[in-house]
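Colleague: Turn this into a model:
(one chain, ligands or ions: 1)
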Amino acid sequence: MPSTLAFDVYGTLVDTTGVAVQLTRHLGDRTAVFVALWRDKQLEYSFRRGLMRNYCSFAVCTRQALDYCCDALGHTLSESDKQALMAAYARLPAFPEVREALERFVGSGHRLFAFSNGAEADVRLVLEAAGIADRFEGVVSVDPIRSFKPDPAVYAHFLRAAAAPAAETWLISGNPFDVIGARSAGLRAAWIKRRPDAVFDPWELTPTLEAPDLAALAAHFCR
Ligand code: LAC
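Modeller: I've put the predicted structure just below:
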């Protein structure tokens, strides 16, 4: 039965650790620590702004998190270095299996959407740079709601924007907080467990499905 599939973008379709290539020049063997803190802070800022009802775009969360990491880890980067890093964030690479897997989902009649904290124009640029924009029927951003995942309002916004019933809609995400948010809002959700040692939050809400990557998930959805 064809479903409506809401693909999370950062950490699910594109690899946020792709910025490491750019950062290694500046940070050497401390790159991995910086990249992980940058991602954690970016998400923390989005959660806090959602709770505070003090919305700024996800790009602002990303940039402020970058500034935080430089201060916290004692790295001085020039404004042009920071702008180059932000530009790299707009050109993150797709995970290797993504393109082919998306093709399989489309070929099986599923409706595919990108559903992200990122503003629509930013998400479109990332998908185009990764060469996967043409796979999606649409891009749904949290931006019109002026809040972030996992606010239930943004999952409700997705269902309205895609004109899809919750019972036939799946969130597909590599981010456990996103999967839990979607489950809490009444959607089904698949967790893409990209690292064997990744831990899912031990809450009462669990993924409907789990797969190591999108190719494995496509094998389940496209029999
Ligand atoms: C997104 C973040 C959660 O794309 O990765 O929505």
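Colleague: Return the helix or strand in the protein with minimum mean pLDDT.
Modeller: helix 20-27 (a mean of 88; mean pLDDT, DSSP states H and E).
Colleague: now that one, how far from the centre of its chain.
Modeller: 22 Å (CA atoms, centre = their mean, to the nearest Å).
Colleague: Dump that helix to PDB, keeping only the CA atoms.
Modeller: Taking Å, rounded to 0.1, in the frame of the first residue of the first chain, the C-alpha atoms of helix 20-27 are listed here in PDB:
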ATOM      1  CA  ALA A  20      34.600  17.800   8.600                       C
ATOM      2  CA  VAL A  21      36.400  18.000   5.300                       C
ATOM      3  CA  GLN A  22      36.400  21.800   5.500                       C
ATOM      4  CA  LEU A  23      37.200  21.900   9.200                       C
ATOM      5  CA  THR A  24      40.100  19.600   9.200                       C
ATOM      6  CA  ARG A  25      42.300  22.300   7.700                       C
ATOM      7  CA  HIS A  26      41.700  24.400  10.800                       C
ATOM      8  CA  LEU A  27      41.300  21.900  13.600                       C
END
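Colleague: I'd like the next helix or strand past it.
Modeller: Next along the chain after helix 20-27, taking DSSP states H and E as the criterion, comes helix 31-52.
Colleague: returning to that earlier point: okay, the angle between the least confident helix or strand of the chain and helix 31-52?
Modeller: 110 degrees (axes from the mean of the first three to the mean of the last three CA atoms, to 10 degrees).
Colleague: List the buried residues of helix 20-27.
Modeller: A20, Q22, L23, H26, L27 (16 or more other CB atoms under 10 Å). For the C-beta atoms, the positions are set from N, CA and C on the backbone; glycine is no exception.
Colleague: Widest-spaced pair of those residues?
Modeller: Taking CB to CB, the two most distant members of these are A20 and H26; they sit 10.8 Å apart.
Colleague: Would you map the helices across this protein?
Modeller: Along the chain, counting by DSSP state H, helices occupy 20-27, 31-52, 58-73, 79-89, 98-107, 120-129, 152-162, 176-184, 214-221.
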